[in-house]
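>>> Quick one, structure for this:
(4 chains)
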2 protein chains.
Amino acid sequence: MRSYGQFCGLAKALDVVGDRWTLLIVRELLLQDAARYTDLRHGLPGIATNLLAERLREMELAGLVSREQAPPPVATALFRLTPRGRELEPVVRALGAWAGPLMRQWTPDQAFRSRWLALPVEFYLTDRTPARPPVTIQVHTGDEPMLIETVLGAVKARPGSAPDADAVLTGPPHLVMGLLSGRMPLATARAKGLHFRGNFAAVRRLQPKR
Amino acid sequence: MRSYGQFCGLAKALDVVGDRWTLLIVRELLLQDAARYTDLRHGLPGIATNLLAERLREMELAGLVSREQAPPPVATALFRLTPRGRELEPVVRALGAWAGPLMRQWTPDQAFRSRWLALPVEFYLTDRTPARPPVTIQVHTGDEPMLIETVLGAVKARPGSAPDADAVLTGPPHLVMGLLSGRMPLATARAKGLHFRGNFAAVRRLQPKR
DNA sequence: CGGCATCCACAGTGATACTG
DNA sequence: CAGTATCACTGTGGATGCCG
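The predicted model follows:
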C-alpha cells in the first residue's frame, strides 16, 4: 500500500496494517498461534492465494510475522505472530468491540468459522461467579465444534467436543452469540431457531465485562 | 470497498472503516469537532478531492458522519462525527499507541500538522502533580502554534499562543514529542536541533500514562 | 473560495490456472 | 501443500474543470 506520508501515529500504523486482509491475518494468528499456509487460507474465506502470499511476505518484512520451517514430521512452513505482531491485539479488540452492533444479523452468504467465536468470547465475556466449579458449554455452529469453558474467572474457547458438557448450543452463529452474551433471552433464541439442551445456569455464568 | 463477507466483528468493522482514508477522516473530526470540506482537505495532505467527497458520502451513509448546513455568516457545510462515529476513538487510540515506536524519526518529506499533536498528548500524557498550579507550554512546530495545558490532571492541546507560557518548544515534531513524552533528555533534544526556552519543570510535569 | 465531478494513468485486487 | 503466473477488473491519486 502506498504510504500516507504523514507524521501521525494513526497514519503510520495504517501504513503498516491498513492493507486489505492484513488485520484479518493477524486475527487468524492470534487465534491459531502457529498456522500453515493452508490453515490461513481456510480461516480467510475469500482471500486470493496470491494476496495471502504477498501479505505474508510484507508482514514478515514489517516484523509482524515470522516464518519457520517445521520439523520433518510436518515439514511445512509455520507462520506465527512476532511479539510486535501480538501487540496488535488491542487494535483487533477495539475494532471488534465497535462492531458489536453489526453482529446481530447473519445470512448464510456470510462465511463463518467456529474459531472466530473465541475472540468475542475471550475479549468481552467473564465468569459471573468464578468461585463456583467451572462449567463447559458445547457449541455446534460453523465448521467445527467448539468448547467454551470458565477458567479462573476468565472464559476460554477452543475447538473440541465434550460429551459431558453442562450445556449444548446448536444453531446459527448470531443466535449463539446473542445467547452467550446474555443479550438475547433463551425463548427468543429458541424461537429463531437455536437448539438448546442442558443446564441454562451454565450459560448465565457468562456476563459481558464491565 | 468490497465486503469481506465474513461474520466476524473485525471483518465487519473493516467493511465499514477499512477503506483508505476513512480512519484519517475520523481523526480529523475527532480533532476538529466540526470541520468544513476545506479544513478536512488541509488536515489530510495527499488526499484526492474526489476521494474525500466520496468517503464523506460513504461515511454519512454508514452513520459515522453528519453533514449540516452552517448558518448564513458561514453558509457552508459542516461535517461532524455522529456518536457512533465518535465511538471509533478507542480504535484510533489503539492504532496510535501501537505506532509509538514508529514515531521516532521524522523527515521533511513527511507531512505534519500541529493539531495532530493533540492525539498523543491527550491520549497518553498525564499531569504528574495535578494539585500544583496548572502549566502552559507553547509549541512551535508544523503549520500553526499550539498550546499544551494541564487541566485537572489531564493534559489538553489546542491551537493558540500564550506570551506568558511557562515553556516554549521550537523544532521538528519528533523532537517535540520525544521531549514531551519524557523519552528524550533535554540535552539530546537540544543537540538534535530543538530550541527550548523557559522552565523545564513545566515539561517534567507531563508523564506517560501507566 | 468551497465543494465537488470528470478524466486518465496506474497500482492493487481477485478469480483461475498452473507448478515444484 | 505452498505457493507463482496471468489477466480482467476496480480503486487511487493527480490534474483539471465547473458552478454557486
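>>> Kindly state the pLDDT recorded for the residue of chain A found nearest DNA strand D?
Closest residue of chain A to DNA strand D, CB to the nearest atom of the strand: A:T76 (2.8 Å). From N, CA and C alone the C-beta is placed, and that goes for glycine too. Per-residue pLDDT puts A:T76 at 83.
>>> Quick check: which element contains A:L169?
strand A:167-170 (DSSP states H and E).
>>> Quick check: residues of chain A near DNA strand C?
A:M1, A:R2, A:D19, A:R20, A:W21, A:G46, A:I47, A:A48, A:T49, A:N50, A:L51, A:E54 (CB under 7 Å from any atom of the strand).
>>> and stretch A:13-20, does that touch DNA strand D?
No - using CB under 7 Å from any atom of the strand, stretch A:13-20 stays clear of DNA strand D, coming no nearer than 9.0 Å.
>>> Other residues contacting that stretch?
By CB atoms under 8 Å, 6 or more residues apart in numbering or on different chains, the list of residues contacting stretch A:13-20 from outside reads A:1, A:3-4, A:22-23, A:26, A:51, A:55, A:58, A:62, A:64, A:88, A:91, B:1, B:18, B:20, B:23-24, B:95-96, B:98-99, B:102.
>>> quick revisit: from the contact counts, what lies against the next helix or strand after the strand holding A:L169?
For strand A:167-170, the following helix or strand on the C-terminal side (DSSP H and E) is helix A:173-180. If you count contacts as 3 or more CB pairs under 8 Å, 6 or more residues apart in numbering or on different chains; DSSP states H and E, helix A:173-180 packs onto strand A:167-170, helix A:186-191.
>>> starting at the chain centroid, how far to helix A:173-180?
14 Å (CA atoms, centre = their mean, to the nearest Å).
>>> now the helices for chain A?
With DSSP state H as the criterion, chain A has helices at A:9-17, A:22-32, A:37-43, A:49-61, A:83-86, A:89-98, A:118-124, A:173-180, A:186-191, A:200-204.
>>> Okay, buried residues for the last one please.
This means helix A:200-204. Within helix A:200-204, the residues scored as buried using 16 or more other CB atoms under 10 Å in any protein chain shown are A:A202, A:V203.
>>> Stretch A:76-95 too?
Going by neighbour count (16+ other CB under 10 Å), the buried part of stretch A:76-95 is A:78-79, A:81, A:85, A:87-95.
>>> just stretch A:100-108 next, same as before
Here stretch A:100-108 shows A:G100, A:M103, A:W106 as buried, counting by 16+ other CB under 10 Å.
>>> Output those of those residues also counted as contacts of chain B.
Contacts with chain B within the buried residues of stretch A:100-108, counted by CB under 8 Å from any CB of the partner chain: A:G100, A:M103, A:W106.
>>> B:A94 versus A:R93, what's the distance?
7 Å (CB to CB, to the nearest Å).
>>> Show the low-confidence segments of chain A, by residue range.
A:71-75 (pLDDT under 70).
>>> Just give the nearest non-adjacent residue to A:G85, would you?
Setting aside the residues directly before and after it, A:G85 is nearest to A:L64 in space (CB to CB, 6 or more residues apart in numbering or on different chains), at 3.7 Å.
>>> and what of A:I148?
Per CB to CB, 6+ apart, closest to A:I148 is A:I137, 4.3 Å.
>>> A:R204 is in contact with the one you found, correct?
No - contact criterion CB atoms under 8 Å: A:I137 and A:R204 do not qualify, at 11.0 Å.
>>> Domain-wise, how is chain A divided?
A:9-96, A:100-208 (automatic domain parsing).
>>> closest one to B:R190 among these?
domain A:9-96 (24.3 Å; CB to CB).
>>> Determine how far the closest one lies from the middle of the whole chain.
Relative to the chain's own centre, domain A:9-96 is displaced by 14 Å; criterion: CA atoms, centre = their mean.
>>> Stretch A:122-140 now?
That offset, for stretch A:122-140, works out to 16 Å (CA atoms, centre = their mean).
>>> And the contacts of that stretch?
A:93, A:96-97, A:114, A:117, A:145-157, A:161-162, A:164-171, A:176, A:180-181, A:198, A:202-209.
>>> please redo it, this time with the cut-off set to 6 Å
A:93, A:146, A:148-150, A:153, A:155, A:162, A:165-170, A:176, A:202, A:205-209 (CB atoms under 6 Å, 6 or more residues apart in numbering or on different chains).
>>> Can you turn the buried part of the residues you listed into a PyMOL selection?
The buried residues among the contacts of stretch A:122-140 can be selected in PyMOL (16+ other CB under 10 Å) with this line:
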select buried, chain A and resi 93+146+148+149+150+155+165+166+167+168+169+170+176+202+205+206
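>>> JSON lines for the domains of chain A, including distance to B:A189?
Output for the domains of chain A, formatted as JSON lines (distance: least, CB to CB, whole Å):
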{"stretch": "domain A:9-96", "distance to B:A189": "19"}
{"stretch": "domain A:100-208", "distance to B:A189": "39"}
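>>> picking up where we left off before, ok, of the buried residues of stretch A:100-108, which one's closest to DNA strand C?
Among the buried residues of stretch A:100-108, A:W106 lies closest to DNA strand C (CB to the nearest atom of the strand), at 20.2 Å.
>>> For that closest one, give me its contacts.
Applying CB under 6 Å, 6+ apart, the residues contacting A:W106 are A:P172, A:P173, A:H174, B:F7.
>>> Buried members of those residues into PyMOL, please.
Buried subset of the contacts of A:W106, written as a PyMOL selection, criterion 16+ other CB under 10 Å:
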select buried, (chain A and resi 172+173+174) or (chain B and resi 7)
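>>> ok, the contacts of A:W106 vs DNA strand C, which is closest?
B:F7 (16.9 Å).
>>> OK, contacts around that closest one?
Each residue near B:F7 by CB under 6 Å, 6+ apart is listed here: A:W106, A:Q110, A:F112, A:P173.
>>> Now render those residues as CSV, adding distance to A:R36.
Shown next, in CSV, are the contacts of B:F7 (distance: CB to CB, whole Å):
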residue, distance to A:R36
A:W106, 28
A:Q110, 25
A:F112, 21
A:P173, 25
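>>> May I ask which two of those residues are separated the most?
A:Q110 and A:P173 (8.8 Å).
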